[in-house]
Structure formats: structure tokens, C-alpha cells
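> Okay, sequence plus prediction incoming.
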Amino acid sequence: MKRNTERPKPTAVPKKPEPKLKVIIEPEIKGLPNKELLRPDEVARYFSVTERTVRLWCEHGHLESVKVARTMRVTRESVVACRFNN
């Protein structure tokens, strides 16, 4: 008696459709420059507060900031989130 040494042929697995990329278009906000990283003075002008207040908000975690070449920049996303959450 011969053994069946043939391997079964693999079945084709149907491919999942690739997810469509969502394009998020941020609304134009009057008085806020349309760029990803903002200077503290731009954020201060937008909120009508002092630049020191913006720096304190960043230190306390109300706004997200990053250091770029020894200068602070505030993310636009955090400014928009702060504005519309309050």
C-alpha cells in the first residue's frame, strides 16, 4: 500500500480590502495661523492672554508643547482641543 505523500494545495485566502485613509481637514479658525507648530506669542494673541500665561498652561499640561532648536512651540491640535473643550 502506497502512502499519499502529496501535500494538499493551499487554498487562496481572500484579501481584505485595504482601509481607506481618512483625510482630516481642520477648520479655518479665525486668528489662529494655519500651521502645525505655533509660537507662544501667536497662541497668546489667539487667546487674548500674555505669553507667560501660555507658557504656564504648557507647564501645567493644559497645552502640549515641544522644544524646537531651544525654542518652545505649541501644537495647533492642543490649542484647538483646548478652545473647543472649554
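Perfect, I can see it now. Numbering: from 1, shown residues only.
> The spatially most central residue of the chain: which element?
Residue closest to the mean C-alpha point of the chain, counted by CA atoms, centre = their mean, is residue 77 at 6.4 Å. Here residue 77 sits within helix 76-85, counting by DSSP states H and E.
> And for residue 57?
helix 51-59.
> if we can go back for a sec, show me what counts as buried in the helix holding residue 77.
76, 78-79, 82 (16 or more other CB atoms under 10 Å). The C-beta positions use only the backbone N, C-alpha and C, and glycine is treated the same way.
> okay, and for the chain, where does confidence drop off?
1-4, 10, 12-14, 16-28, 86 (pLDDT under 70).
> Now do the strands in it.
37-38, 65-68, 71-75 (DSSP state E).
> Render the CA-only coordinates of stretch 46-53 in PDB, please.
What follows is stretch 46-53, C-alpha atoms only, in PDB (Å, rounded to 0.1, in the frame of the first residue of the first chain):
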ATOM      1  CA  TYR A  46      -5.400  84.000  19.900                       C
ATOM      2  CA  PHE A  47      -6.500  83.500  23.500                       C
ATOM      3  CA  SER A  48      -6.000  87.200  24.400                       C
ATOM      4  CA  VAL A  49      -3.600  86.400  27.200                       C
ATOM      5  CA  THR A  50       0.100  87.000  27.900                       C
ATOM      6  CA  GLU A  51       2.900  84.900  26.600                       C
ATOM      7  CA  ARG A  52       3.700  84.000  30.200                       C
ATOM      8  CA  THR A  53       0.200  82.600  30.600                       C
END
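> Give me the buried positions along that stretch.
46-47.
> Buried deepest among the strands of the chain, which one?
strand 37-38 (a mean of 20; mean count of other CB atoms under 10 Å).
> and that strand, which strands flank it?
Strand pairing for strand 37-38, using DSSP bridges, gives strand 71-75 (antiparallel).
> CA-only coordinates of the strand it pairs with in CSV, if you can.
Taking Å, rounded to 0.1, in the frame of the first residue of the first chain, the C-alpha atoms of strand 71-75 are listed here in CSV:
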residue,chain,number,x,y,z
THR,A,71,12.6,77.4,21.5
MET,A,72,9.1,76.4,22.6
ARG,A,73,6.4,75.6,20.1
VAL,A,74,2.8,74.8,20.9
THR,A,75,0.9,72.2,18.9
